[in-house]
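Asker: Fold the stuff below for me.
(chains A and B)
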Amino acid sequence: AQSVTQPDIHITVSEGASLELRCNYSYGATPYLFWYVQSPGQGLQLLLKYFSGDTLVQGIKGFEAEFKRSQSSFNLRKPSVHWSDAAEYFCAAMPRTGANNLFFGTGTRLTVIP
Amino acid sequence: KAGVTQTPRYLIKTRGQQVTLSCSPISGHRSVSWYQQTPGQGLQFLFEYFSETQRNKGNFPGRFSGRQFSNSRSEMNVSTLELGDSALYLCASSLGGRDQPQHFGDGTRLSIL
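Answerer: As a prediction, the model looks like this:
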């Protein structure tokens, strides 16, 4: 079955530390991949997307993600976390054929310690 | 460019009532998708409209319905509300292709008493 997995429910990092949020997908063919961020009481904001080509994708707010086909992963990274990065992060996939909707992971809540 | 606008932001209803939520997409976007977000089930796809036609539907009961107007604005209706319908309902718009990212509104928080 098609699925997106975010293994970490909650991550705590210190401000200034590096961050990596994990995402794995299970699809027959590599889907289109996205990372979204959600602050409390708000909708989802698109951080970055991967369609094809360069496997290292740059996004907004200093985030980047690396696509690894061999590991079916699309992990989100940031070299130095700011307190304002505290939020919930969702990995999502859009199949290249079939159902034309986003499938979301369960999300990872990020807490930043000053 | 204005973003996706959802109204109202908050709604309180009682069981058995019905509710209509509204979504105005980004100008030029012809696809509108609806998602339900709950703590237990996460983000689940409800349906997608493209050029006034429902193009895709998730696994929700028939009490959940929607429509899209010629200006791409969309409404979602839930009839005979149940306690379990309490959720954040998110609308997303896009140009319509699979490789077009979806842009989300801030949602409508629906509480059922």
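
Asker: Can you name the residues of chain A sitting close to chain B?
Answerer: A:32, A:34, A:36, A:41-46, A:49, A:51, A:90, A:94-96, A:99-107 (C-beta under 8 Å from any C-beta of the partner chain). Glycine gets a C-beta too; all of them are placed from N, C-alpha and C.

Asker: Could I have the buried ones of these as PyMOL selection syntax?
Answerer: Buried subset of those, written as a PyMOL selection, criterion 16 or more other C-beta atoms under 10 Å in any protein chain shown:
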select buried, chain A and resi 32+34+36+43+44+45+46+49+51+90+94+95+100+101+102+103+104+105+106+107
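
Asker: Select from the residues of chain A next to chain B every entry located in strands.
Answerer: Of the positions in these, A:Tyr32, A:Phe34, A:Tyr36, A:Leu44, A:Gln45, A:Leu46, A:Lys49, A:Phe90, A:Met94, A:Phe103, A:Phe104 sit in strands, assigned by DSSP state E.

Asker: just curious, which of these is nearest to A:Asn24?
Answerer: Distance to A:Asn24, by C-beta to C-beta, is smallest for A:Phe103 among those, at 12.4 Å.

Asker: doesn't A:Thr5 make contact with that closest one?
Answerer: No - the criterion here is C-beta atoms under 8 Å, and A:Phe103 misses it with A:Thr5 at 10.6 Å.

Asker: In contact with residue 16, which residues are there?
Answerer: Went with chain A since none was named. A:Ser80, A:Val81 (C-beta atoms under 8 Å, 6 or more residues apart in numbering or on different chains).

Asker: my bad, chain B
Answerer: By C-beta under 8 Å, 6+ apart, the neighbours of B:Gly16 are B:Thr80, B:Leu81.

Asker: Can you name the helix or strand that it falls in?
Answerer: Using DSSP states H and E, B:Gly16 sits in no helix or strand.

Asker: for stretch A:84-104, what is the average pLDDT?
Answerer: What stretch A:84-104 shows for mean pLDDT is 92.

Asker: quick one: strands adjacent to the host helix or strand of A:Ala92?
Answerer: Assigned by DSSP H and E, A:Ala92 belongs to strand A:87-94. Its sheet considered, strand A:87-94 pairs with strand A:32-38 (antiparallel), strand A:103-104 (antiparallel), strand A:108-113 (antiparallel) by DSSP bridges.

Asker: Tell me who's in contact with B:Met76.
Answerer: By C-beta under 8 Å, 6+ apart, the neighbours of B:Met76 are B:Thr20, B:Leu21, B:Cys23, B:Trp34, B:Leu46, B:Phe64, B:Ser65, B:Gly66, B:Tyr89, B:Cys91.
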